[in-house]
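Student: Kindly generate the corresponding structure for this input.
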Amino acid sequence: MILKAIVEDQEYSLNVPESVLAGCDDYCDKLDADMDGGWQMSREWVAQPNLEQRCQIVADKLLTALEKENHKLGMLMAAYILKRLPNVESVELDIQGEIQNNTFHLRDAPGAGASDAATAQVEQAATAAGAPTGLSRMQAMAQAGNDVTKVFKVGKAWRFSVYDHAGGTWQESPLIATEQEAERLRQAAFKERYEALIGDGS
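Tutor: Predicted coordinates for the structure are as follows:
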């Protein structure tokens, strides 16, 4: 698989062999374990990096590997990104060291598997969030509107957020290739949250 790495006006095509992708699970798991304890992302400490932030961290390591011409490390970093973001096409690397500015560009038409995984992740966030139940339909409609944001653009992709009442945090959806698909998933999350809020109070 090919991952394009864009550094200012230069573009690198990183061709990651299938054998590397198939054999790097342990290495990718180790990277995840390293990030589980939190990570310093530029000036901000992130206690629990989400999927996109983990890929941004790894993209920063990819930039270092490219600068040092460490091809083996670069290949492993590219493999991590390709495995964690199956529909990624390219990554735009920030040379100023601002990890949050590493931007991923996704293919316009993600595969069904990626879409299904995103749907499952969003529905889980919408239903298992410790939200209050037993609200009236009008109360639930208003609360669901507060708990699920509108879709917004991230680079060339789209996402939205769902409020986790139990943790008091916002859970971001996966990066979604098109605004239409993001809106579809948002509507599904809104419906799940609305129904969870009504609970037995309908």
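Student: use CA for all of it now, contacts and neighbours both
Tutor: Noted.
Student: Show me the strands in the protein, by range?
Tutor: Secondary structure of the chain by DSSP state E: the strands cover 2-7, 10-15, 39-41, 44-46, 88-93, 103-106, 152-154, 157-159, 161-164, 169-172.
Student: Would you format the ones you listed as CSV with distance to residue 197 included?
Tutor: Rendered in CSV, the data for these read as follows (distance: least, CA to CA, whole Å):
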stretch, distance to residue 197
strand 2-7, 42
strand 10-15, 47
strand 39-41, 34
strand 44-46, 30
strand 88-93, 35
strand 103-106, 33
strand 152-154, 24
strand 157-159, 22
strand 161-164, 13
strand 169-172, 17
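Student: Go through those and name the closest to residue 190.
Tutor: strand 161-164 (8.7 Å; CA to CA).
Student: now that closest one: how far from the chain's centre is it?
Tutor: Its chain's C-alpha centre and that of strand 161-164 lie 14 Å apart, by CA atoms, centre = their mean, to the nearest Å.
Student: Adding mean pLDDT, distance to residue 198 and mean neighbour count, write the strands of the chain out as a markdown table.
Tutor: Formatted as a markdown table, the entries for the strands of the chain read as follows, by pLDDT from 0 to 100; distance: least, CA to CA, whole Å; neighbours: other CA atoms under 10 Å:
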| stretch | mean pLDDT | distance to residue 198 | mean neighbour count |
| --- | --- | --- | --- |
| strand 2-7 | 92 | 45 | 18 |
| strand 10-15 | 89 | 49 | 13 |
| strand 39-41 | 92 | 38 | 16 |
| strand 44-46 | 91 | 34 | 12 |
| strand 88-93 | 91 | 37 | 21 |
| strand 103-106 | 85 | 36 | 22 |
| strand 152-154 | 85 | 27 | 15 |
| strand 157-159 | 84 | 25 | 21 |
| strand 161-164 | 87 | 16 | 22 |
| strand 169-172 | 83 | 21 | 16 |
